[in-house]
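Engineer: here is a sequence together with a model predicted from it:
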Amino acid sequence: MVTAAGLLPRVERLAEAAAARFEAEPVRVVVVDARGALAAGLGVAQALGPAVERRHGAMLVLLSRTDVSAAGTARDAGATSVLVSPFGSDAFANALHLAGRHAARLAAAVETAAPSEGPGGDRLTGLASGDRVQAWLAEQRGAGRPVGVVVIGVGRFAQINIAYGRDTADRLLAAIAQRLGPIADGRLRRGEQRLLGRLTAAEFVLALAGGHAGDALEPMARQLLRGFERPFAIDGRQIHVSGRAGIAWDDGRSEEEAEGVAAGLMREAVIALADARGRGPGSVVRFDQQMDREAPTRRADLESDLYRALDRGDITLLFQPQANLSDGVVTGAEALSRWDHPVHGRLSASILLETAASAELAVALGRHIRARAFSIAAAWTGPLAELRLSVNVTAADLADPEFVPILARDLAQAGLSPRRLVVEVTEEAIINDLDAASATLSLLRADGVGVALDDFGAGYSSLARLARLPVDTLKLDRSLAQGLSGSERERIVVEGMIATARRLGLTVIAEGIEDDILLSAARTAGCHGVQGYCIAPPLDNSALANFCKRRKVHSVVA
């Protein structure tokens with residue numbers, strides 16, 4: 001069938017040899033036949049995905065009709081298109097030619113992404129520029145077509161730029177563009193048109209036009225955000241970034257001039273994105289007329305306010321206790337930050353960290369929080385005197401060359417023993433440069449500091465990776481801990497992870513334990529400790545002291 005389509009096939013029958021064969025062959029289009037062999041086929045797609053992306057190629061995965069529900073998994077593994085049986089030679093040939101066209105478009109974008117690129121294109125990614133997208137929207141609106149906009153914001157980009165430099169950050173943006181391209185080029189409804197472009201350093205835009213484009217806005221935004229679920233292979237690193245989206249729509253009934261509609265839509269989508277940035281990764285926010293049109297200004301004001309907050313001490317620290325499951329003894333507390341804003345009131349940790357990242361204050365904020373937490377913990381007396389303090393460490397902290405010496409200095413100045421400190425680091429924070437992060441964490445452990453892998457199960461968790469990491473404690477994310485009281489399959493998976501961690505000599509703490517059912521399940525599954533509202537909510541320093549005094553009377557967790 002490949003030959004009949006006018007192409008020259010190269011066949012590899014051994015799944016384990018597929019990646020090596022692809023690297024050795026001058027091809028850009030890969031077909032993975034997963035019919036009747038779903039698991040093996042998806043494994044091959046996963047293995048080939050990064051290589052196909054680096055070569056600016058395309059991957060077509062063939063699925064059996066009974067496996068059509070695995071289409072999303074295939075795309076997550078790296079497929080740029082999926083064909084479900086039964087299909088004939090014509091349908092197969094058409095799918096091949098579409099894959100080839102996609103690969104050719106990517107190759108052309110890379111080759112033409114030069115400084116001489118005209119004003120309508122983005123030099124780095126080969127996508128349309130922001131001005132070109134706005135002009136296209138005006139053209140479509142002038143022709144009487146309804147138009148809409150999706151603006152995608154890339155999370156953690158500032159930290160990536162700081163940690164790895166501009167060249168790596170630029171290659172990351174190019175890789176993001178290559179991944180978003182086939183999603184944006186996906187199946188169109190009759191009369192629908194789309195144009196993908198890049199706005200600022202870390203923002204992409206998809207413009208849509210046509211009668212049904214309004215219905216497609218949110219589904220398209222979510223499809224684009226799914227493109228961030230897999231890491232990006234850049235310079236031998238696996239770089240994880242998140243995405244958020246703001247969307248805006250004009251149904252064509254506005255009497256405003258087309259140019260004004262286009263500019264207004266772009267601005268509204270950016271305002272919606274600013275709102276989405278205050279929410280979790282993967283959030284999609286649709287602009288509406290009730291939304292504050294000054295959101296970007298408010299965000300800029302928050303960034304300015306954060307500088308003053310660090311000086312005024314407006315960052316509040318709370319402490320959430322951690323308790324042993326064997327005897328109920330409280331052994332430690334995690335320091336959690338909140339922002340007591342003079343106008344907006346108490347802001348969540350997520351808004352605080354997002355604002356710090358966008359204001360390039362992530363490292364300064366981390367130092368400020370840790371230094372204050374050390375001083376507070378060093379002054380603990382009575383039942384608190386032996387508690388271990390847990391503090392959070394981000395990717396920006398680990399990339400800071402002064403991180404270890406400044407942490408050691410702050411411990412010494414506060415008079416807190418390193419053996420009473422645990423640093424909690426997420427897998428997302430270390431996965432981009434595992435070797436460098438491991439070296440930094442090993443230095444801390446050599447000084448007596450404990451290391452905990454936080455939020456395990458929330459993202460790209462790998463039990464195999466645990467063997468390489470210098471960690472003492474594994475903290476199960478609340479989403480994984482919930483599985484302890486879920487279906488039998490969920491329990492088997494989570495209990496297997498706990499058993500493996502214990503065999504590696506790790507202490508296992510389940511987070512987000514909020515009721516007696518989960519508490520009992522965590523104990524049965526073999527967890528050493530728990531943290532969550534079933535034990536206590538985050539407490540201020542005084543409330544923590546009172547809580548620990550009461551805990552001396554009650555000897556069991558219940």
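Structural biologist: Ah, there it is.
Engineer: regarding G246, what is its secondary structure?
Structural biologist: strand (DSSP: H, G, I helix; E, B strand; the rest coil).
Engineer: pretty sure it contacts M266?
Structural biologist: No - G246 lies out of contact with M266 (CB atoms under 8 Å); the separation is 10.2 Å. The way it works is simple: take the backbone N, C-alpha and C, and place the C-beta from them, glycine included.
Engineer: for R171, list the residues it contacts.
Structural biologist: For R171, the contact set (CB atoms under 8 Å, 6 or more residues apart in numbering) comprises 234-235.
Engineer: can you tell me the average pLDDT over the strand or helix carrying it?
Structural biologist: Per DSSP states H and E, R171 falls inside helix 166-184. Averaging pLDDT along helix 166-184 yields 89.
Engineer: buried sites along it?
Structural biologist: Across helix 166-184, burial judged by 16 or more other CB atoms under 10 Å covers 168-184.
Engineer: alpha carbons of that helix, as PDB, please.
Structural biologist: Extracted C-alpha coordinates of helix 166-184, given in PDB (Å, rounded to 0.1, in the frame of the first residue of the first chain):
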ATOM      1  CA  ARG A 166      18.600  31.800  25.900                       C
ATOM      2  CA  ASP A 167      19.700  29.300  23.200                       C
ATOM      3  CA  THR A 168      17.900  26.400  25.100                       C
ATOM      4  CA  ALA A 169      14.900  28.500  25.700                       C
ATOM      5  CA  ASP A 170      14.700  29.400  22.000                       C
ATOM      6  CA  ARG A 171      14.900  25.800  21.000                       C
ATOM      7  CA  LEU A 172      12.200  25.000  23.500                       C
ATOM      8  CA  LEU A 173       9.900  27.600  21.800                       C
ATOM      9  CA  ALA A 174      10.700  26.100  18.400                       C
ATOM     10  CA  ALA A 175       9.800  22.700  19.700                       C
ATOM     11  CA  ILE A 176       6.600  23.900  21.200                       C
ATOM     12  CA  ALA A 177       5.600  25.400  17.800                       C
ATOM     13  CA  GLN A 178       6.400  22.200  16.100                       C
ATOM     14  CA  ARG A 179       4.100  20.300  18.500                       C
ATOM     15  CA  LEU A 180       1.300  22.700  18.400                       C
ATOM     16  CA  GLY A 181       1.300  22.900  14.600                       C
ATOM     17  CA  PRO A 182      -0.300  19.500  13.800                       C
ATOM     18  CA  ILE A 183      -2.900  20.100  16.500                       C
ATOM     19  CA  ALA A 184      -3.800  23.500  15.000                       C
END
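Engineer: gap between that helix and the chain center?
Structural biologist: Offset of helix 166-184 from its chain centre (CA atoms, centre = their mean, to the nearest Å): 15 Å.
Engineer: in contact with the residue nearest the centre of the chain, which residues?
Structural biologist: Geometric centre of the chain, nearest residue: S242, 3.3 Å, by CA atoms, centre = their mean. Counting by CB under 8 Å, 6+ apart, S242 makes contact with 154-156, 228, 281-282.
Engineer: let's see it at 10 Å
Structural biologist: Residues counted as contacts of S242 (CB atoms under 10 Å, 6 or more residues apart in numbering) are 153-157, 225, 228-229, 280-283, 428, 459.
Engineer: repeat for I315
Structural biologist: Shown in contact with I315 (CB under 10 Å, 6+ apart): 306, 309, 337-340, 352, 356, 365, 368-369, 372.
Engineer: can I get these in TSV with neighbour count and secondary structure?
Structural biologist: Converted to TSV, the contacts of I315 look like this (neighbours: other CB atoms under 10 Å; DSSP: H, G, I helix; E, B strand; the rest coil):
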residue	neighbour count	secondary structure
L306	22	helix
A309	23	helix
S337	23	strand
R338	18	strand
W339	23	strand
D340	14	strand
L352	22	helix
A356	28	helix
L365	24	helix
H368	18	helix
I369	21	helix
R372	18	helix
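Engineer: need the residues you listed in TSV with pLDDT and distance to V32, can you?
Structural biologist: Output for the contacts of I315, formatted as TSV (pLDDT from 0 to 100; distance: CB to CB, whole Å):
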residue	pLDDT	distance to V32
L306	89	48
A309	88	52
S337	92	46
R338	89	48
W339	88	48
D340	86	54
L352	84	44
A356	84	42
L365	92	45
H368	93	50
I369	94	47
R372	94	53
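Engineer: of those residues, which is the nearest to F204?
Structural biologist: A356 (23.2 Å; CB to CB).
Engineer: Q413 versus the nearest residue to that closest one once chain neighbours are set aside, what's the distance?
Structural biologist: The shortest distance from A356 to any non-neighbouring residue, by CB to CB, 6 or more residues apart in numbering, is to L365 (4.3 Å). Per CB to CB, to the nearest Å, L365 is found 19 Å from Q413.
Engineer: could you do D76 as well?
Structural biologist: 47 Å.
Engineer: the more surrounded of the two?
Structural biologist: D76 (17 against 12; other CB atoms under 10 Å).
Engineer: buried sites along the host helix or strand of the more buried one?
Structural biologist: Secondary structure from DSSP H and E places D76 in helix 71-77. Residues of helix 71-77 classed as buried by neighbour count (16+ other CB under 10 Å): 71, 73-77.
Engineer: next structured bit after it?
Structural biologist: Assigned by DSSP H and E, the successor of helix 71-77 is strand 81-84.
Engineer: which strands and helices sit next to that following strand?
Structural biologist: If contacts are counted by 3 or more CB pairs under 10 Å, 6 or more residues apart in numbering; DSSP states H and E, strand 81-84 sits against strand 29-33, strand 58-63, helix 71-77, helix 89-112.
Engineer: sheet-wise, list the partners of that strand with their directions.
Structural biologist: With DSSP bridges as the test, strand 81-84 is paired with strand 58-63 (parallel).
Engineer: so for the partner strand, what's the average pLDDT?
Structural biologist: 91.
Engineer: ok, now stretch 191-198?
Structural biologist: Stretch 191-198 comes out with an average pLDDT of 86.
Engineer: distance between it and the chain's centre?
Structural biologist: 25 Å.
Engineer: same question for stretch 221-233.
Structural biologist: Worked out by CA atoms, centre = their mean, stretch 221-233 lies 9 Å from the chain centre.
Engineer: just the CA coordinates for that stretch, please, in PDB.
Structural biologist: In PDB, the C-alpha atoms belonging to stretch 221-233 read as follows (Å, rounded to 0.1, in the frame of the first residue of the first chain):
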ATOM      1  CA  ALA A 221      -7.600  25.300  23.600                       C
ATOM      2  CA  ARG A 222      -7.700  22.000  25.600                       C
ATOM      3  CA  GLN A 223      -6.200  20.100  22.700                       C
ATOM      4  CA  LEU A 224      -3.400  22.600  22.400                       C
ATOM      5  CA  LEU A 225      -2.800  22.300  26.200                       C
ATOM      6  CA  ARG A 226      -2.500  18.600  25.900                       C
ATOM      7  CA  GLY A 227       0.600  19.200  23.800                       C
ATOM      8  CA  PHE A 228       2.300  20.200  27.000                       C
ATOM      9  CA  GLU A 229       1.700  16.900  28.800                       C
ATOM     10  CA  ARG A 230       4.800  15.200  27.300                       C
ATOM     11  CA  PRO A 231       8.200  16.700  28.000                       C
ATOM     12  CA  PHE A 232      10.200  18.400  25.200                       C
ATOM     13  CA  ALA A 233      13.600  16.900  24.300                       C
END
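Engineer: so for that stretch, what gets flagged as buried?
Structural biologist: 221, 223-228, 230-233.
Engineer: hmm, back to that, can you put the buried residues of helix 71-77 in CSV and add distance to T507 and pLDDT?
Structural biologist: Output for these, formatted as CSV (distance: CB to CB, whole Å; pLDDT from 0 to 100):
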residue, distance to T507, pLDDT
A71, 40, 81
T73, 33, 81
A74, 38, 82
R75, 38, 78
D76, 32, 74
A77, 34, 76
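Engineer: could you point out which residue ranges in this structure have low pLDDT?
Structural biologist: 105-120, 162-163, 188, 211-213, 251-258, 278, 289-299, 431-432, 458-464, 552-558 (pLDDT under 70).
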